[in-house]
Structure formats: structure tokens, C-alpha cells
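# what shape does this take:
(chains A and B)
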There are 2 protein chains.
Amino acid sequence: MLSKNKIKYIKSLELKKNRKEEKVFVAEGHKSVDELLDCFSCKLIVATSEWLSRHDDIKAQEIIEVSDDELAKASFLKSPQEVLAIFEQPEYKLDVSLPKNSLCLALDEVQDPGNLGTIVRVADWFGIENIFCSLGTADIYNPKTVQATMGAISRVKVHYCDLPAFISSLEGVKVYGTFLDGENLYDSAISENGLIVMGNEGNGISSEIEKMVNSKLLIPNYPVGRTTSESLNVAMATGIICAEFRRRIKR
Amino acid sequence: MLSKNKIKYIKSLELKKNRKEEKVFVAEGHKSVDELLDCFSCKLIVATSEWLSRHDDIKAQEIIEVSDDELAKASFLKSPQEVLAIFEQPEYKLDVSLPKNSLCLALDEVQDPGNLGTIVRVADWFGIENIFCSLGTADIYNPKTVQATMGAISRVKVHYCDLPAFISSLEGVKVYGTFLDGENLYDSAISENGLIVMGNEGNGISSEIEKMVNSKLLIPNYPVGRTTSESLNVAMATGIICAEFRRRIKR
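Modelled structure (predicted):
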């Protein structure tokens, strides 16, 4: 049985301000929740009896069994999926050696929660385990973003920082960025480790960060010269670039 | 001034049934509408005076000037963007020679309107001008899909057909499909022309169509063996595969 106060509390977590204050986030659906239970400290599980009967050893501070109708009242989804959970936000240490020792992403004001989630999911696929976000980038703990990561949030660490300051503090790190006047990705020299910067949906990479980019990359359209869309979606561009970085290592 | 009846009519076009009956679709935002005006027959423009003052030679059966508030009443967007237009649905002829003479996509029950729109946008980027969809695939004229194509709907033809029958009628065409047990995309022989089949978000490619696939492809994760998400989003996978097909032609 879900009290009105509990529903109100869960719904309040749609706002970043409240998530930040409580240091928690919401995840829904059995795929996501199952993966997150292995990685994050769980404060609350709200689930149907069917879901609970399949999970007899859940580590959560509180477990509430609900009907489908009750779950729908708390859910952020159009079609609620058996379980909703509240997890504690993890705390990560910002480590400037990460882009030196692995391939990392940086997001400069990516605004759309769905795009951020899709980027985390594709980063996970390609083994990119750290993403550095400017302070104005969408919040990884937005319920839509958590949903779009499809569980990848449990394997990819998303750090928020003063991005220009972070990048300028890096030493011996190759910094890549995508630009419409960049060099053909497939003709560019790329390294195994480094930092790939992706920019805002409308405005691309800020001029401050552009100055710190060592290598400007372009995903060439086909055939060159054909009239096409102005650009690719930022999540799509991220995926295509990550795929190419990983392909080349393997050769 | 926008009448109540007009608003009701526009809103009714959220449903496929009504779009099909009227043979029209809705597009919004100056980028999309500007591109579509060059390609499709326009039945109605609903726009602010600012937008109209920048467009003095619009070919549309009817033009209605509105305030921002009036536009908001008709719009499908959270933040309406100066203009909403109703276009006639184009009629395309189904031509079995297309996958023989160019690279084409086939979508087998892709459900999400946003995914379909993103696929059309990335297809446009890579010069793939024909997409064949099973009858159960999301409708290209869904307002969310039109929006997600960002104008690419004006350059990419989306055909609906009995997809298994269409594929089985093809002669001398290489048919590719993505499967989690497929061969590494980067080790596979690929051709310049042909048909790339992408499957449903949850279930992948149907077994009926799987039998017609000549070459099963897998986008390898990295590093191989690392625990990762179960799969990539279908639009993301489409983009990565199209990028690789086009990269190889250029070499």
C-alpha cells in the first residue's frame, strides 16, 4: 500500500533540485532496476507481487508491494513496468588521469535528457566508462535519462565539473571534438585513449572549449556534396565516432 | 485568427486513421517547414506575423496568421516554433529495382516514432533515399516522427509494404540484417548496393524475414567480453551500420 505522502515524494524527484537535496534518483522497469540493484544502494522498492515473487533477496531499506494501479500513480512512465526503485546517487572522484589512461567522453551543454541517456548507453557498448559533463548539461538522474540508459548508468560514471577548467588541467591528453568544418573522421589520426568532446544540440562546442581541441573531426555525409540535413543528432554522432575509435584499435 | 474547428482538425491529425483519410500530415518549426515547402504540396500554413514577414512567396492553399498563444493551441510541441503546416502525403511507387541499384533500408516492425524519425535523418545523412517498412512499423507521418526527421522526410522516401513479400520478390540483391549472433560488421564483406534490414526494438528481426537475410551482421561491443547493455538502440545501430557501409565505399 502506497501512501499519498510516498507518491508525493516520488513525484517530487522529477525535479533536479529535489533529487540533489535528497541525493537519490528513480529508476523503473525490471531490466534497469535489476542491473542497478547490483551497483547502487537502494532506498525504496515499489513493486507488484509478481516482480517481488521473482526477487526474494532484494537489498533495499524499504519494500512496498503495490497493485498495478497504485504503481501507475507513482510512475513516470506511460506504461509502468512492475517496479520502481529509488537509489542513492553515487559519489565519484574527479580524476584527471582518466582521459590519459582510457577513452573518455566530454559533453559540453548537451540539453536533451533522452540524448544524454542514449549517449551513456552507447558509451557503455563501446567500453567508455567515464563521461565528463559541463555543469549546464542535462542531469543524468532525470528519470527520462535513467530510463534511456537502459541500465548502462550502472557501468558508466557521469561526472559534472567546470568542463573548460577540467580540460585545461589535462596534460598529455589528445582532445577531439566534432565540427562541421572538421577533418574527415576516416582520414584522421586517432589514439586509443583521450577525450572526445560533443557539443550542444543547437550550438555545438563552445568557443572556449574549441580552443582546447587538438583534433577537429567531421563525420562525412554521403555522397559528399549531396544536399542533406544540417547535422546529425548529437547522440548519433557520438555513437558513430565511438564505433570508429574502437574499430581502429582492433585492426 | 484560428477557428475552433481548424484547431480541432489539426489536433485530429495526431491519429493515423485521420491522417490516412485526409492524406495529409503536420510539420512544425521553421527548419522543417522551410525544407518541406520545397518538396510537398502545402494545404495550410498557420504562422506568426514574424514568420510570415520572412516568407513572402509561400505556395499554400490557405495561410492563417496567428499569435503565439493561438499557435500553442494547435501545436503538438511543448514549445511551438512560429509555424505549423499541413502537407499532402506524397505517393511513391514501389520499385523492386531500388535495392539493386542503391543502398536501401528495410524496417521490420520498428515501433517507436522517435526511432523512425532518427533513422530517416541518419539515412538522409548517408544518402540512403529509400526505406521499406513493414505494415506494422511506426507511421512516418506521426507528428513526432516528422519532427525527429528534421526535414529529412523531404529527401528520403518511406514506403510501406508487405515486407516479407517485397524482400522475397527481390532478385540479385544482397540482404543484410543485424543479429546479436551475427558476424563482426568490420570483418564482413559488404556491397555498395543492397538492403539492410533493422528489426523491432524488443524482438529484433522476425523469423520469416531472418530466413531471407544473406548476411548477418553484429556491431561488436568493446572490449569483447565486457559486460554491457543487451543491445544498442535500433536507430543508433542503423547509424553505425550505414556509416560503415559508406566508409568502405570511399576506400
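
# how is chain A carved up into domains?
Annotated domains of chain A cover A:4-88, A:98-250 [automatic domain parsing].

# which among these is found nearest to residue B:54?
Closest to residue B:54 of those, according to C-beta to C-beta: domain A:98-250, at 18.0 Å. Any C-beta I mention is one placed from the backbone N, CA and C, and that applies to glycine too.

# would you mind finding the most buried of the domains of chain A?
domain A:98-250 (a mean of 19; mean count of other C-beta atoms under 10 Å in any protein chain shown).

# okay if I get the domains of chain A as JSON lines plus distance to residue B:164?
Formatted as JSON lines, the domains of chain A follow (distance: least, C-beta to C-beta, whole Å):
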{"stretch": "domain A:4-88", "distance to residue B:164": "28"}
{"stretch": "domain A:98-250", "distance to residue B:164": "29"}
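
# would you mind listing what in chain A touches chain B?
Within reach of chain B by C-beta under 8 Å from any C-beta of the partner chain, chain A has these residues: A:31, A:114, A:118, A:121-122, A:124-127, A:150-152, A:155, A:186, A:219-223, A:226-230, A:232-233, A:235-236, A:239-240, A:243-244, A:246-247, A:249-251.

# hmm, back to that, would you list the domains of chain A in JSON lines and tack on mean pLDDT?
Compiled in JSON lines, the domains of chain A are given as follows (pLDDT from 0 to 100):
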{"stretch": "domain A:4-88", "mean pLDDT": "95"}
{"stretch": "domain A:98-250", "mean pLDDT": "96"}
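
# out of the ones you listed, nearest to residue B:19?
So among those, domain A:4-88 is nearest, using C-beta to C-beta, at 21.1 Å.

# coming back round to it: which of the residues of chain A next to chain B fall in helices?
A:31, A:114, A:118, A:121-122, A:124-125, A:235-236, A:239-240, A:243-244, A:246-247, A:249-250 (DSSP state H).

# what ranges do the helices span in the stretch 1-150 of chain A?
A:4-12, A:16-22, A:30-37, A:49-54, A:68-74, A:98-101, A:113-125, A:143-149 (DSSP state H, counting those that start in this stretch).

# please work out which residues outside the fourth one touch it.
I take that to be helix A:49-54. A:30, A:58, A:63, A:65, A:82-83 (C-beta atoms under 8 Å, 6 or more residues apart in numbering or on different chains).

# the residues you listed in strands, which ones?
Those of these mapping onto strands are A:63, A:65, A:83, per DSSP state E.

# quick one, what contacts the second one?
Each residue near residue A:65 by C-beta under 8 Å, 6+ apart is listed here: A:1, A:47-49, A:52.

# nearest to chain B among those?
residue A:48 (19.8 Å; C-beta to the nearest C-beta).

# measure that closest one to residue B:46 for me?
With distances taken as C-beta to C-beta, to the nearest Å, residue A:48 is found 45 Å from residue B:46.

# how much space between the residue of chain A most remote from its centre and residue B:215?
Within chain A, the residue lying farthest from the chain centre (C-alpha atoms, centre = their mean) is residue A:225, at 33.6 Å. Distance, residue A:225 to residue B:215, by C-beta to C-beta: 29 Å.

# for residue A:85, same thing?
Residue A:85 is 41 Å from residue B:215, where distance means C-beta to C-beta.

# ok, and what's touching stretch A:85-97?
Against stretch A:85-97 from outside (C-beta under 8 Å, 6+ apart): A:10, A:13, A:19, A:23-28, A:33, A:36-37, A:39-46, A:60, A:132, A:141, A:157, A:159, A:161, A:166, A:169-171.

# what do you get if the cut-off is 6 Å, keeping everything else the same?
A:23-27, A:33, A:36, A:40-45, A:157, A:159, A:161, A:169-170 (C-beta atoms under 6 Å, 6 or more residues apart in numbering or on different chains).

# what's the closest non-adjacent residue to the most centrally placed residue in chain A?
What sits nearest the mean C-alpha location of chain A, by C-alpha atoms, centre = their mean, is residue A:120, with 3.5 Å. Excluding its sequence neighbours, the residue lying closest to residue A:120 (C-beta to C-beta, 6 or more residues apart in numbering or on different chains) is residue A:149, at 4.4 Å.
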